[in-house]
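>>> my questions concern the predicted model and sequence given below.
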Amino acid sequence: MNNTPVDGQQSPSDELLHEYSFDYQKAKPNRFANRNEAKKLNIVVLDEDVARVFTTSCS
């Protein structure tokens, strides 16, 4: 059975707290995160006028 109130109002116990206590000693690394640190990309978007002058990544 769905516990959502019919009128769409949340009960006071459903409200988010302003601050949460997080125990960092119990934290685990994200096993789904990309572990290949060598392939980090830095993407830079140039304005049109700058891109016309610098057409390649070579200096």
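That came through, no problem. Numbering: from 1, shown residues only.
>>> now do the strands in this structure.
Remark: strands of the chain are absent; assignment by DSSP state E.
>>> would you mind measuring from Ser21 to Glu15?
Between Ser21 and Glu15 the distance is 17 Å, computed by Cβ to Cβ, to the nearest Å. The C-beta positions use only the backbone N, C-alpha and C, and glycine is treated the same way.
>>> more neighbours: which of these two?
With neighbours defined as other Cβ atoms under 10 Å, Ser21 and Glu15 compare such that Glu15 has more, 8 against 5.
>>> next, count neighbours for Asn42.
Using other Cβ under 10 Å, Asn42 is surrounded by 4 other residues.
>>> what's the answer for the one 4 residues further on, then?
Using other Cβ under 10 Å, Leu46 has 10 neighbouring residues.
>>> find the nearest non-adjacent residue to it, please.
Leaving aside its chain neighbours, Leu46 sits nearest to Phe54 (6.7 Å; criterion: Cβ to Cβ, 6 or more residues apart in numbering).
>>> now that neighbour: how far from Glu48?
Using Cβ to Cβ, we find Phe54 at a distance of 11 Å from Glu48.
>>> for Arg35, give me the pLDDT.
Arg35 is assigned a pLDDT of 67 by the prediction.
>>> sorry, wrong one. I was asking about Val45.
90.
>>> and Phe54 and Glu48? which has more neighbours close in?
Phe54 (10 against 6).
>>> which residues of this structure fall in helices?
For the chain, the helices identified by DSSP state H occupy 48-53, in order along the chain.
>>> what stretches of it score poorly on pLDDT?
Scanning the chain for pLDDT under 70 picks out the ranges 1-13, 34-39, 59.
>>> dump the residue contacts of Asp47.
Residues in contact with Asp47 (Cβ atoms under 8 Å, 6 or more residues apart in numbering): none are found.
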